[in-house]
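Student: got a structure for you, letters missing:
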(Lines give C-alpha, C1' and ligand atoms only; values in the text may rest on other atoms or scores of the structure.)
Protein backbone atom coordinates (compact mmCIF):
# COMPACT_ATOMS: atom_id res chain seq x y z
CA UNK A 1 0.00 0.00 0.00
CA UNK A 2 1.28 3.46 -0.86
CA UNK A 3 1.85 5.85 1.99
CA UNK A 4 0.07 9.12 2.78
CA UNK A 5 0.91 11.71 5.40
CA UNK A 6 -1.81 14.09 6.60
CA UNK A 7 -0.44 16.97 8.68
CA UNK A 8 -2.53 19.42 10.65
CA UNK A 9 -0.93 22.69 11.64
CA UNK A 10 -2.51 24.86 14.29
CA UNK A 11 -3.22 28.54 14.58
CA UNK A 12 -0.42 29.41 17.00
CA UNK A 13 2.20 28.31 14.49
CA UNK A 14 0.43 30.11 11.64
CA UNK A 15 0.63 33.34 13.64
CA UNK A 16 4.44 33.02 13.96
CA UNK A 17 6.06 33.78 10.60
CA UNK A 18 9.45 32.20 11.39
CA UNK A 19 7.95 29.02 12.87
CA UNK A 20 5.54 28.67 9.95
CA UNK A 21 8.36 29.11 7.43
CA UNK A 22 10.49 26.47 9.13
CA UNK A 23 7.50 24.12 9.35
CA UNK A 24 6.79 24.57 5.63
CA UNK A 25 10.46 23.77 4.84
CA UNK A 26 10.00 20.45 6.63
CA UNK A 27 6.56 19.76 5.16
CA UNK A 28 7.83 20.39 1.61
CA UNK A 29 10.52 17.72 2.18
CA UNK A 30 8.05 14.92 2.95
CA UNK A 31 8.53 12.43 0.11
CA UNK A 32 5.25 10.54 0.47
CA UNK A 33 1.88 11.68 -0.83
CA UNK A 34 0.77 14.38 1.57
CA UNK A 35 -2.01 16.72 2.62
CA UNK A 36 -1.80 19.79 4.81
CA UNK A 37 -4.76 20.94 6.91
CA UNK A 38 -4.39 24.34 8.55
CA UNK A 39 -6.26 26.06 11.33
CA UNK A 40 -7.06 29.67 11.86
CA UNK A 41 -5.01 31.85 14.13
CA UNK A 42 -5.53 35.30 15.51
CA UNK A 43 -5.96 37.25 12.28
CA UNK A 44 -9.71 36.55 12.08
CA UNK A 45 -10.24 37.90 15.60
CA UNK A 46 -8.13 40.97 14.80
CA UNK A 47 -10.10 41.73 11.63
CA UNK A 48 -13.39 41.19 13.47
CA UNK A 49 -12.25 43.77 16.05
CA UNK A 50 -11.10 46.22 13.39
CA UNK A 51 -14.35 45.95 11.46
CA UNK A 52 -16.46 46.16 14.62
CA UNK A 53 -17.94 42.66 14.61
CA UNK A 54 -18.45 41.43 18.17
CA UNK A 55 -17.10 37.93 18.79
CA UNK A 56 -19.16 35.54 20.88
CA UNK A 57 -17.48 32.60 22.59
CA UNK A 58 -19.46 29.91 24.39
CA UNK A 59 -17.36 27.38 26.33
CA UNK A 60 -14.25 28.47 24.43
CA UNK A 61 -15.96 27.93 21.08
CA UNK A 62 -16.49 30.77 18.72
CA UNK A 63 -20.09 31.30 17.62
CA UNK A 64 -20.00 31.69 13.87
CA UNK A 65 -22.68 34.23 13.03
CA UNK A 66 -23.08 35.42 9.43
CA UNK A 67 -20.63 38.33 9.78
CA UNK A 68 -18.05 36.17 11.55
CA UNK A 69 -18.39 33.55 8.82
CA UNK A 70 -17.48 36.17 6.21
CA UNK A 71 -14.28 36.94 8.06
CA UNK A 72 -13.45 33.28 8.58
CA UNK A 73 -13.86 32.56 4.88
CA UNK A 74 -11.73 35.60 3.99
CA UNK A 75 -8.96 34.85 6.44
CA UNK A 76 -8.86 31.03 6.53
CA UNK A 77 -9.78 30.12 2.93
CA UNK A 78 -8.27 33.31 1.51
CA UNK A 79 -5.33 34.91 3.26
CA UNK A 80 -3.90 31.98 5.22
CA UNK A 81 -4.61 29.33 2.62
CA UNK A 82 -3.18 31.23 -0.35
CA UNK A 83 -0.11 32.38 1.54
CA UNK A 84 0.69 28.83 2.63
CA UNK A 85 0.14 27.61 -0.95
CA UNK A 86 2.41 30.33 -2.40
CA UNK A 87 5.10 29.59 0.17
CA UNK A 88 4.96 25.86 -0.56
CA UNK A 89 5.11 26.55 -4.31
CA UNK A 90 8.28 28.57 -3.63
CA UNK A 91 9.67 25.38 -2.01
CA UNK A 92 8.92 23.30 -5.14
CA UNK A 93 5.95 21.66 -3.46
CA UNK A 94 2.97 21.63 -5.85
CA UNK A 95 0.44 22.87 -3.29
CA UNK A 96 -3.19 23.47 -4.23
CA UNK A 97 -5.50 25.20 -1.76
CA UNK A 98 -9.01 23.97 -1.11
CA UNK A 99 -12.04 24.68 0.96
CA UNK A 100 -14.61 21.93 1.24
CA UNK A 101 -16.67 23.64 -1.45
CA UNK A 102 -13.91 23.32 -4.05
CA UNK A 103 -14.64 20.28 -6.16
CA UNK A 104 -17.19 19.36 -3.46
CA UNK A 105 -14.19 18.00 -1.56
CA UNK A 106 -15.86 18.04 1.88
CA UNK A 107 -19.62 17.81 2.29
CA UNK A 108 -20.94 19.05 5.61
CA UNK A 109 -24.11 20.27 7.29
CA UNK A 110 -24.83 23.07 9.69
CA UNK A 111 -24.53 21.75 13.26
CA UNK A 112 -27.91 20.99 14.80
CA UNK A 113 -29.24 19.11 17.80
CA UNK A 114 -27.27 21.06 20.37
CA UNK A 115 -28.74 23.37 23.00
CA UNK A 116 -26.27 25.98 21.82
CA UNK A 117 -26.67 27.56 18.38
CA UNK A 118 -23.12 27.57 17.04
CA UNK A 119 -24.27 29.40 13.93
CA UNK A 120 -22.48 28.50 10.69
CA UNK A 121 -20.50 25.62 12.20
CA UNK A 122 -20.16 22.62 9.92
CA UNK A 123 -20.12 18.94 10.82
CA UNK A 124 -18.60 16.75 8.13
CA UNK A 125 -20.69 14.19 6.23
CA UNK A 126 -18.32 13.00 3.51
CA UNK A 127 -14.78 13.44 2.23
CA UNK A 128 -14.46 13.22 -1.56
CA UNK A 129 -11.66 10.65 -1.59
CA UNK A 130 -11.92 10.16 -5.38
CA UNK A 131 -11.14 13.83 -5.99
CA UNK A 132 -8.14 13.71 -3.64
CA UNK A 133 -6.77 10.57 -5.29
CA UNK A 134 -7.14 12.21 -8.71
CA UNK A 135 -5.23 15.25 -7.45
CA UNK A 136 -2.45 12.95 -6.17
CA UNK A 137 -2.18 11.48 -9.67
CA UNK A 138 -1.30 14.97 -10.88
CA UNK A 139 1.33 15.27 -8.11
CA UNK A 140 -0.78 17.91 -6.40
CA UNK A 141 -0.46 18.48 -2.66
CA UNK A 142 -3.88 19.49 -1.29
CA UNK A 143 -3.82 22.25 1.34
CA UNK A 144 -7.13 22.44 3.22
CA UNK A 145 -8.58 25.43 5.01
CA UNK A 146 -11.13 24.61 7.72
CA UNK A 147 -14.10 25.82 5.68
CA UNK A 148 -16.66 23.40 4.27
CA UNK A 149 -20.06 23.74 2.56
CA UNK A 150 -23.52 22.23 2.68
CA UNK A 151 -23.99 21.75 -1.12
CA UNK A 152 -26.76 24.34 -0.93
CA UNK A 153 -24.48 27.35 -1.30
CA UNK A 154 -23.68 27.88 2.38
CA UNK A 155 -20.08 27.88 3.60
CA UNK A 156 -19.41 26.50 7.09
CA UNK A 157 -16.69 26.98 9.68
CA UNK A 158 -15.29 23.55 10.54
CA UNK A 159 -12.90 22.34 13.21
CA UNK A 160 -9.51 21.76 11.58
CA UNK A 161 -8.56 18.84 13.87
CA UNK A 162 -11.75 17.05 12.90
CA UNK A 163 -11.23 17.90 9.22
CA UNK A 164 -7.74 16.34 9.31
CA UNK A 165 -9.12 13.25 11.05
CA UNK A 166 -11.94 12.81 8.53
CA UNK A 167 -9.58 13.23 5.56
CA UNK A 168 -7.05 10.76 6.97
CA UNK A 169 -9.81 8.26 7.76
CA UNK A 170 -11.40 8.55 4.32
CA UNK A 171 -8.11 7.83 2.55
CA UNK A 172 -6.89 5.07 4.86
CA UNK A 173 -8.80 2.39 2.94
CA UNK A 174 -6.51 2.92 -0.05
CA UNK A 175 -3.38 4.41 1.46
CA UNK A 176 -1.29 3.57 4.52
CA UNK A 177 -2.02 6.81 6.32
CA UNK A 178 -0.12 8.73 8.98
CA UNK A 179 -1.91 11.60 10.71
CA UNK A 180 0.22 14.18 12.49
CA UNK A 181 -1.22 16.91 14.70
CA UNK A 182 1.36 19.70 14.92
CA UNK A 183 1.00 22.45 17.48
CA UNK A 184 3.08 24.54 19.86
CA UNK A 185 3.66 21.87 22.51
CA UNK A 186 5.96 18.84 22.39
CA UNK A 187 3.12 16.36 22.66
CA UNK A 188 0.49 15.25 25.17
CA UNK A 189 1.95 16.32 28.50
CA UNK A 190 1.70 14.80 31.98
CA UNK A 191 2.09 18.35 33.28
CA UNK A 192 0.75 21.12 31.03
CA UNK A 193 3.41 23.52 32.39
CA UNK A 194 6.34 21.21 31.67
CA UNK A 195 7.03 20.77 27.96
CA UNK A 196 9.46 17.93 28.74
CA UNK A 197 6.75 15.80 30.38
CA UNK A 198 5.69 14.26 27.06
CA UNK A 199 3.74 11.02 27.21
CA UNK A 200 5.46 9.04 24.42
CA UNK A 201 2.61 6.57 23.80
CA UNK A 202 -1.01 6.58 24.80
CA UNK A 203 -3.73 3.99 24.24
CA UNK A 204 -7.47 4.20 24.87
CA UNK A 205 -7.20 2.71 28.36
CA UNK A 206 -4.47 5.12 29.45
CA UNK A 207 -6.40 8.02 27.89
CA UNK A 208 -9.55 7.24 29.90
CA UNK A 209 -7.46 6.88 33.04
CA UNK A 210 -5.59 10.17 32.50
CA UNK A 211 -8.85 11.98 31.72
CA UNK A 212 -10.45 10.58 34.90
CA UNK A 213 -7.48 11.87 36.91
CA UNK A 214 -7.74 15.31 35.23
CA UNK A 215 -4.15 14.99 34.03
CA UNK A 216 -4.99 15.71 30.36
CA UNK A 217 -5.39 19.46 29.77
CA UNK A 218 -8.98 20.32 28.76
CA UNK A 219 -7.84 21.84 25.48
CA UNK A 220 -6.21 18.55 24.47
CA UNK A 221 -9.35 16.46 24.82
CA UNK A 222 -11.02 17.27 21.45
CA UNK A 223 -7.66 16.68 19.70
CA UNK A 224 -7.20 13.33 21.45
CA UNK A 225 -10.79 12.34 20.76
CA UNK A 226 -10.13 13.02 17.08
CA UNK A 227 -6.87 11.07 17.24
CA UNK A 228 -8.57 7.98 18.71
CA UNK A 229 -11.44 8.30 16.24
CA UNK A 230 -8.86 8.27 13.42
CA UNK A 231 -7.24 5.17 14.94
CA UNK A 232 -10.58 3.38 15.13
CA UNK A 233 -11.28 4.27 11.50
CA UNK A 234 -8.09 2.63 10.26
CA UNK A 235 -5.51 5.41 10.24
CA UNK A 236 -2.23 3.54 10.69
CA UNK A 237 -0.03 6.00 12.61
CA UNK A 238 -1.11 9.03 14.63
CA UNK A 239 1.30 11.45 16.27
CA UNK A 240 0.77 14.62 18.27
CA UNK A 241 3.70 17.00 18.73
CA UNK A 242 5.61 20.19 18.08
CA UNK A 243 5.45 21.82 14.64
CA UNK A 244 9.21 22.40 14.82
CA UNK A 245 9.81 18.67 15.13
CA UNK A 246 7.91 17.43 12.08
CA UNK A 247 10.71 15.15 10.76
CA UNK A 248 11.06 13.51 14.19
CA UNK A 249 7.29 13.13 14.50
CA UNK A 250 7.30 11.41 11.11
CA UNK A 251 9.93 8.92 12.21
CA UNK A 252 8.23 8.40 15.58
CA UNK A 253 11.14 9.96 17.49
CA UNK A 254 9.25 12.80 19.15
CA UNK A 255 5.78 13.64 20.38
CA UNK A 256 3.00 11.35 21.51
CA UNK A 257 2.01 8.27 19.54
CA UNK A 258 -1.66 7.26 19.65
CA UNK A 259 -1.76 3.46 19.80
CA UNK B 1 -11.93 20.30 -31.67
CA UNK B 2 -13.76 20.34 -28.36
CA UNK B 3 -15.24 23.63 -27.24
CA UNK B 4 -14.33 25.76 -24.23
CA UNK B 5 -16.08 28.83 -22.88
CA UNK B 6 -14.13 31.27 -20.69
CA UNK B 7 -16.38 33.80 -18.97
CA UNK B 8 -15.16 36.85 -17.08
CA UNK B 9 -17.54 38.45 -14.63
CA UNK B 10 -16.88 41.94 -13.32
CA UNK B 11 -17.00 43.51 -9.90
CA UNK B 12 -20.27 45.43 -10.39
CA UNK B 13 -22.18 42.20 -10.90
CA UNK B 14 -20.43 40.52 -7.98
CA UNK B 15 -21.60 43.36 -5.72
CA UNK B 16 -25.25 42.75 -6.70
CA UNK B 17 -26.50 39.54 -5.05
CA UNK B 18 -29.55 39.06 -7.30
CA UNK B 19 -27.63 39.73 -10.53
CA UNK B 20 -24.82 37.43 -9.47
CA UNK B 21 -27.25 34.65 -8.60
CA UNK B 22 -29.01 34.94 -11.95
CA UNK B 23 -25.66 35.02 -13.77
CA UNK B 24 -24.52 31.87 -11.93
CA UNK B 25 -27.78 30.12 -12.95
CA UNK B 26 -26.88 30.82 -16.57
CA UNK B 27 -23.20 29.96 -16.18
CA UNK B 28 -24.04 26.61 -14.54
CA UNK B 29 -26.16 25.73 -17.61
CA UNK B 30 -23.30 26.07 -20.10
CA UNK B 31 -22.82 22.55 -21.48
CA UNK B 32 -19.30 22.97 -22.87
CA UNK B 33 -16.10 22.86 -20.87
CA UNK B 34 -15.95 26.16 -19.04
CA UNK B 35 -13.90 28.46 -16.83
CA UNK B 36 -15.09 31.41 -14.78
CA UNK B 37 -12.78 34.34 -14.02
CA UNK B 38 -14.09 36.85 -11.51
CA UNK B 39 -13.06 40.36 -10.62
CA UNK B 40 -13.13 42.18 -7.34
CA UNK B 41 -15.91 44.52 -6.43
CA UNK B 42 -16.33 47.00 -3.66
CA UNK B 43 -15.87 44.73 -0.65
CA UNK B 44 -12.07 45.10 -0.66
CA UNK B 45 -12.37 48.89 -0.56
CA UNK B 46 -14.93 48.69 2.25
CA UNK B 47 -12.73 46.42 4.35
CA UNK B 48 -9.71 48.64 3.70
CA UNK B 49 -11.74 51.58 5.01
CA UNK B 50 -12.98 49.67 8.04
CA UNK B 51 -9.50 48.47 8.95
CA UNK B 52 -7.95 51.90 8.35
CA UNK B 53 -5.80 51.11 5.33
CA UNK B 54 -5.56 54.13 3.03
CA UNK B 55 -6.25 53.32 -0.64
CA UNK B 56 -4.04 54.93 -3.25
CA UNK B 57 -5.29 55.24 -6.81
CA UNK B 58 -3.07 56.47 -9.65
CA UNK B 59 -4.83 57.00 -12.98
CA UNK B 60 -7.81 54.96 -11.75
CA UNK B 61 -5.56 52.04 -10.84
CA UNK B 62 -5.31 50.86 -7.29
CA UNK B 63 -1.78 50.78 -5.91
CA UNK B 64 -1.37 47.41 -4.25
CA UNK B 65 0.81 48.02 -1.21
CA UNK B 66 1.47 45.15 1.21
CA UNK B 67 -1.55 45.87 3.41
CA UNK B 68 -3.86 46.27 0.42
CA UNK B 69 -2.58 42.98 -1.01
CA UNK B 70 -3.62 41.20 2.20
CA UNK B 71 -7.15 42.49 1.79
CA UNK B 72 -7.26 41.63 -1.91
CA UNK B 73 -6.16 38.07 -1.21
CA UNK B 74 -8.72 37.77 1.60
CA UNK B 75 -11.61 39.19 -0.37
CA UNK B 76 -10.91 38.05 -3.95
CA UNK B 77 -9.29 34.63 -3.39
CA UNK B 78 -11.22 34.02 -0.16
CA UNK B 79 -14.65 35.51 0.27
CA UNK B 80 -15.71 36.09 -3.35
CA UNK B 81 -14.08 32.99 -4.80
CA UNK B 82 -15.41 30.56 -2.19
CA UNK B 83 -18.91 32.03 -2.26
CA UNK B 84 -19.08 31.73 -6.03
CA UNK B 85 -17.77 28.16 -5.83
CA UNK B 86 -20.31 27.20 -3.14
CA UNK B 87 -23.14 28.77 -5.14
CA UNK B 88 -22.11 26.93 -8.30
CA UNK B 89 -21.84 23.66 -6.38
CA UNK B 90 -25.42 24.26 -5.21
CA UNK B 91 -26.32 24.45 -8.93
CA UNK B 92 -24.71 21.06 -9.65
CA UNK B 93 -21.74 22.71 -11.31
CA UNK B 94 -18.52 21.13 -10.05
CA UNK B 95 -16.71 24.42 -9.43
CA UNK B 96 -13.19 24.53 -8.01
CA UNK B 97 -11.69 27.84 -6.94
CA UNK B 98 -8.13 28.79 -7.80
CA UNK B 99 -5.67 31.57 -7.40
CA UNK B 100 -2.63 31.50 -9.66
CA UNK B 101 -0.61 30.00 -6.81
CA UNK B 102 -2.81 26.90 -6.61
CA UNK B 103 -1.16 24.13 -8.59
CA UNK B 104 1.10 26.88 -9.99
CA UNK B 105 -1.79 27.58 -12.36
CA UNK B 106 -0.70 31.13 -13.28
CA UNK B 107 2.92 32.25 -13.07
CA UNK B 108 3.43 35.98 -12.91
CA UNK B 109 5.99 38.58 -11.91
CA UNK B 110 5.75 41.85 -10.03
CA UNK B 111 5.21 44.65 -12.56
CA UNK B 112 8.40 46.55 -13.30
CA UNK B 113 9.61 49.01 -15.90
CA UNK B 114 6.92 51.60 -15.27
CA UNK B 115 7.49 55.08 -13.84
CA UNK B 116 4.72 54.29 -11.39
CA UNK B 117 5.26 51.71 -8.66
CA UNK B 118 2.03 49.70 -8.71
CA UNK B 119 3.24 47.64 -5.75
CA UNK B 120 2.17 43.99 -5.72
CA UNK B 121 0.65 44.04 -9.20
CA UNK B 122 1.29 40.92 -11.23
CA UNK B 123 1.91 40.59 -14.97
CA UNK B 124 1.30 37.08 -16.26
CA UNK B 125 4.13 34.95 -17.65
CA UNK B 126 2.50 31.57 -18.16
CA UNK B 127 -0.81 29.77 -17.82
CA UNK B 128 -0.50 26.12 -16.74
CA UNK B 129 -2.67 24.68 -19.53
CA UNK B 130 -1.76 21.09 -18.62
CA UNK B 131 -3.20 21.52 -15.13
CA UNK B 132 -6.42 23.01 -16.50
CA UNK B 133 -6.83 20.20 -19.04
CA UNK B 134 -6.31 17.64 -16.26
CA UNK B 135 -8.99 19.37 -14.19
CA UNK B 136 -11.38 19.23 -17.17
CA UNK B 137 -10.80 15.47 -17.34
CA UNK B 138 -12.23 15.27 -13.81
CA UNK B 139 -15.24 17.36 -14.91
CA UNK B 140 -14.01 20.23 -12.75
CA UNK B 141 -14.99 23.82 -13.58
CA UNK B 142 -12.11 26.12 -12.62
CA UNK B 143 -13.14 29.42 -11.00
CA UNK B 144 -10.27 31.91 -10.98
CA UNK B 145 -9.76 34.82 -8.62
CA UNK B 146 -7.51 37.59 -9.97
CA UNK B 147 -4.61 36.73 -7.68
CA UNK B 148 -1.41 35.21 -9.06
CA UNK B 149 2.05 34.46 -7.63
CA UNK B 150 5.70 34.82 -8.55
CA UNK B 151 6.81 31.26 -7.61
CA UNK B 152 8.92 32.83 -4.86
CA UNK B 153 6.14 32.96 -2.29
CA UNK B 154 4.71 36.36 -3.20
CA UNK B 155 1.05 36.73 -4.17
CA UNK B 156 0.17 39.37 -6.76
CA UNK B 157 -2.95 41.35 -7.63
CA UNK B 158 -3.70 40.76 -11.32
CA UNK B 159 -6.15 42.34 -13.73
CA UNK B 160 -9.07 39.93 -14.19
CA UNK B 161 -9.69 40.92 -17.83
CA UNK B 162 -6.08 40.12 -18.67
CA UNK B 163 -6.23 36.90 -16.68
CA UNK B 164 -9.29 35.74 -18.67
CA UNK B 165 -7.56 36.65 -21.95
CA UNK B 166 -4.35 34.79 -21.05
CA UNK B 167 -6.29 31.68 -19.94
CA UNK B 168 -8.42 31.66 -23.12
CA UNK B 169 -5.35 32.17 -25.30
CA UNK B 170 -3.35 29.43 -23.58
CA UNK B 171 -6.11 26.87 -24.12
CA UNK B 172 -7.05 27.87 -27.66
CA UNK B 173 -4.34 25.64 -29.18
CA UNK B 174 -6.24 22.55 -27.98
CA UNK B 175 -9.81 23.78 -27.60
CA UNK B 176 -12.10 25.90 -29.76
CA UNK B 177 -12.34 28.74 -27.30
CA UNK B 178 -14.98 31.41 -26.74
CA UNK B 179 -14.12 34.30 -24.42
CA UNK B 180 -16.99 36.31 -22.98
CA UNK B 181 -16.50 39.50 -21.00
CA UNK B 182 -19.60 40.07 -18.89
CA UNK B 183 -20.23 43.36 -17.18
CA UNK B 184 -23.05 45.78 -16.39
CA UNK B 185 -23.41 47.27 -19.89
CA UNK B 186 -24.97 45.72 -22.98
CA UNK B 187 -21.75 45.80 -24.98
CA UNK B 188 -19.34 48.31 -26.48
CA UNK B 189 -21.44 51.44 -26.85
CA UNK B 190 -21.41 54.24 -29.45
CA UNK B 191 -22.73 56.46 -26.67
CA UNK B 192 -21.68 55.56 -23.12
CA UNK B 193 -24.94 57.00 -21.76
CA UNK B 194 -27.19 54.99 -24.08
CA UNK B 195 -27.23 51.27 -23.30
CA UNK B 196 -29.09 50.59 -26.57
CA UNK B 197 -26.25 51.99 -28.71
CA UNK B 198 -24.42 48.65 -28.80
CA UNK B 199 -21.88 48.16 -31.57
CA UNK B 200 -22.70 44.61 -32.67
CA UNK B 201 -19.34 43.86 -34.31
CA UNK B 202 -16.01 45.55 -34.12
CA UNK B 203 -12.74 44.78 -35.92
CA UNK B 204 -9.26 46.22 -35.37
CA UNK B 205 -9.71 48.90 -38.03
CA UNK B 206 -13.02 50.11 -36.59
CA UNK B 207 -11.55 49.99 -33.07
CA UNK B 208 -8.64 52.25 -34.01
CA UNK B 209 -11.01 54.61 -35.77
CA UNK B 210 -13.45 54.75 -32.80
CA UNK B 211 -10.57 55.29 -30.39
CA UNK B 212 -9.19 58.13 -32.54
CA UNK B 213 -12.62 59.79 -32.49
CA UNK B 214 -12.86 59.36 -28.68
CA UNK B 215 -16.09 57.39 -29.09
CA UNK B 216 -14.91 54.41 -27.03
CA UNK B 217 -15.21 55.14 -23.29
CA UNK B 218 -11.78 55.23 -21.64
CA UNK B 219 -12.73 52.44 -19.23
CA UNK B 220 -13.46 50.13 -22.17
CA UNK B 221 -10.04 50.45 -23.76
CA UNK B 222 -8.11 47.94 -21.57
CA UNK B 223 -10.96 45.42 -22.01
CA UNK B 224 -10.96 45.88 -25.80
CA UNK B 225 -7.17 45.69 -25.92
CA UNK B 226 -7.42 42.35 -24.10
CA UNK B 227 -10.18 41.22 -26.46
CA UNK B 228 -8.10 41.95 -29.57
CA UNK B 229 -5.02 40.37 -27.98
CA UNK B 230 -7.10 37.21 -27.42
CA UNK B 231 -8.24 37.30 -31.05
CA UNK B 232 -4.65 37.61 -32.26
CA UNK B 233 -3.62 34.67 -30.07
CA UNK B 234 -6.17 32.34 -31.63
CA UNK B 235 -9.26 32.66 -29.45
CA UNK B 236 -12.10 31.80 -31.82
CA UNK B 237 -15.03 33.88 -30.55
CA UNK B 238 -14.92 36.93 -28.30
CA UNK B 239 -18.00 38.70 -26.98
CA UNK B 240 -18.46 41.68 -24.68
CA UNK B 241 -21.86 42.25 -23.06
CA UNK B 242 -24.27 42.23 -20.18
CA UNK B 243 -23.96 39.61 -17.44
CA UNK B 244 -27.75 39.18 -17.53
CA UNK B 245 -27.58 38.14 -21.18
CA UNK B 246 -25.04 35.33 -20.97
CA UNK B 247 -27.06 32.80 -23.03
CA UNK B 248 -27.57 35.38 -25.80
CA UNK B 249 -23.89 36.32 -25.70
CA UNK B 250 -23.03 32.65 -26.11
CA UNK B 251 -25.20 32.33 -29.19
CA UNK B 252 -23.96 35.63 -30.59
CA UNK B 253 -27.38 37.28 -30.25
CA UNK B 254 -26.40 40.11 -27.94
CA UNK B 255 -23.41 42.25 -27.08
CA UNK B 256 -20.41 43.18 -29.16
CA UNK B 257 -18.50 40.58 -31.18
CA UNK B 258 -14.76 41.12 -31.60
CA UNK B 259 -13.89 40.07 -35.14
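Tutor: Okay, I see it. Predicted, not measured: the structure shown is a model, and the values here were computed from it.
Student: quick check: phi and psi at the residue in the stretch 51-200 of chain A that chain B sits nearest to.
Tutor: When scored by C-beta to the nearest C-beta, the stretch 51-200 of chain A has residue A:78 as its residue closest to chain B, at 1.7 Å. All C-beta spots, glycine's among them, are computed from the backbone N, C-alpha and C. Dihedral angles of residue A:78 (phi, psi; degrees, to the nearest 10) stand at phi -100, psi -90.
Student: over to residue A:68?
Tutor: Backbone torsions of residue A:68, given as degrees, to the nearest 10, read phi -70, psi -40.
Student: quick one: contacts for it?
Tutor: A:44, A:48, A:53, A:55, A:62, A:119-120, A:157 (C-beta atoms under 8 Å, 6 or more residues apart in numbering or on different chains).
Student: buried subset of the residues you listed?
Tutor: For those, a burial check counting by 16 or more other C-beta atoms under 10 Å in any protein chain shown picks out A:44, A:48, A:53, A:62, A:119-120, A:157.
Student: strands of chain A, start to end?
Tutor: In chain A, the strands defined using DSSP state E lie at A:3-9, A:33-38, A:57-58, A:61-62, A:95-98, A:106-110, A:122-127, A:141-144, A:147-149, A:155-157, A:176-183, A:201-202, A:237-242, A:256-258.
Student: same list (these) but as a markdown table, adding mean pLDDT and distance to chain B.
Tutor: A markdown table is the format used below for the strands of chain A (pLDDT from 0 to 100; distance: least, C-beta to the nearest C-beta, whole Å):
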| stretch | mean pLDDT | distance to chain B |
| --- | --- | --- |
| strand A:3-9 | 98 | 17 |
| strand A:33-38 | 98 | 13 |
| strand A:57-58 | 75 | 22 |
| strand A:61-62 | 70 | 17 |
| strand A:95-98 | 98 | 4 |
| strand A:106-110 | 96 | 9 |
| strand A:122-127 | 96 | 11 |
| strand A:141-144 | 98 | 8 |
| strand A:147-149 | 98 | 5 |
| strand A:155-157 | 97 | 5 |
| strand A:176-183 | 97 | 20 |
| strand A:201-202 | 96 | 37 |
| strand A:237-242 | 97 | 23 |
| strand A:256-258 | 96 | 32 |
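Student: for residue B:138, find the nearest of those strands.
Tutor: Counting by C-beta to C-beta, residue B:138 lies closest to strand A:95-98 out of the strands of chain A; the figure is 12.6 Å.
Student: and that closest one, what does it pack onto?
Tutor: In terms of contacts (3 or more C-beta pairs under 8 Å, 6 or more residues apart in numbering or on different chains; DSSP states H and E), strand A:95-98 is packed against helix A:81-89, strand A:141-144.
Student: kindly reformat the ones you listed as JSON lines containing distance to residue A:191.
Tutor: Shown next, in JSON lines, are the helices and strands packed on strand A:95-98 (distance: least, C-beta to C-beta, whole Å):
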{"stretch": "helix A:81-89", "distance to residue A:191": "32"}
{"stretch": "strand A:141-144", "distance to residue A:191": "33"}
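Student: would a markdown table of those with mean neighbour count and distance to residue B:151 be doable?
Tutor: As requested, those are exported to a markdown table (neighbours: other C-beta atoms under 10 Å in any protein chain shown; distance: least, C-beta to C-beta, whole Å):
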| stretch | mean neighbour count | distance to residue B:151 |
| --- | --- | --- |
| helix A:81-89 | 26 | 6 |
| strand A:141-144 | 25 | 15 |
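Student: just so I know, which of the ones you listed lies nearest residue B:93?
Tutor: Nearest to residue B:93 among the helices and strands packed on strand A:95-98 is strand A:141-144; the distance by C-beta to C-beta comes to 20.6 Å.
Student: what's that closest one packed up against?
Tutor: Contacts defined by 3+ C-beta pairs under 8 Å, 6+ apart place strand A:141-144 against strand A:33-38, helix A:81-89, strand A:95-98, helix A:160-171.
Student: adjacent strands (with direction) for that strand?
Tutor: Its sheet considered, strand A:141-144 pairs with strand A:33-38 (parallel), strand A:95-98 (parallel) by DSSP bridges.
Student: and the longest one, which residues are buried?
Tutor: Okay, so that is strand A:33-38. By neighbour count on 16+ other C-beta under 10 Å, the buried set for strand A:33-38 is A:33-38.
Student: now tabulate the residues you listed in a markdown table and tack on distance to residue A:184.
Tutor: Compiled in a markdown table, these are given as follows (distance: C-beta to C-beta, whole Å):
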| residue | distance to residue A:184 |
| --- | --- |
| A:33 | 27 |
| A:34 | 21 |
| A:35 | 21 |
| A:36 | 17 |
| A:37 | 16 |
| A:38 | 14 |
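Student: burial count for the closest residue to residue A:103 other than its chain neighbours?
Tutor: Leaving aside its sequence neighbours, residue A:103 sits nearest to residue B:96 (C-beta to C-beta, 6 or more residues apart in numbering or on different chains; 4.4 Å). By the criterion of other C-beta atoms under 10 Å in any protein chain shown, residue B:96 has 24 neighbours.
Student: quick check: bridge partners of residue B:96?
Tutor: Beta bridges link residue B:96 to residue B:142, judged by DSSP bridges.
Student: would you mind listing what in the stretch 1-150 of chain A touches chain B?
Tutor: Within the stretch 1-150 of chain A, the positions near chain B by C-beta under 8 Å from any C-beta of the partner chain are A:47, A:50-52, A:70, A:73-79, A:81-83, A:85-87, A:89-90, A:94-99, A:101-104, A:131, A:134, A:138, A:140, A:147, A:149.
Student: by mean pLDDT, flag the weakest helix or strand of chain A.
Tutor: Scoring the helices and strands of chain A by mean pLDDT, DSSP states H and E places strand A:61-62 at the bottom, with a mean of 70.
Student: rewinding a little: so which of the contacts of residue A:68 sits lowest on pLDDT?
Tutor: The weakest per-residue confidence within the contacts of residue A:68 falls on residue A:62 (72).
Student: that one contacts residue A:48, correct?
Tutor: No - here residue A:62 does not reach residue A:48: they are 9.5 Å apart, not a contact under C-beta atoms under 8 Å.
Student: overlap in contacts of the two?
Tutor: With C-beta under 8 Å, 6+ apart as the test, residue A:62 and residue A:48 both reach A:55, A:68.
Student: rewinding a little: buried subset of the residues of the stretch 1-150 of chain A next to chain B?
Tutor: When the residues of the stretch 1-150 of chain A next to chain B are checked for burial by 16+ other C-beta under 10 Å, the buried set is A:47, A:70, A:73-79, A:81-83, A:85-87, A:89-90, A:94-99, A:101-104, A:131, A:134, A:140, A:147, A:149.
Student: how many neighbours does residue A:215 have?
Tutor: For residue A:215, the neighbour count with other C-beta under 10 Å is 17.
Student: phi, psi of it?
Tutor: Dihedral pair for residue A:215: phi -80, psi -30, per degrees, to the nearest 10.
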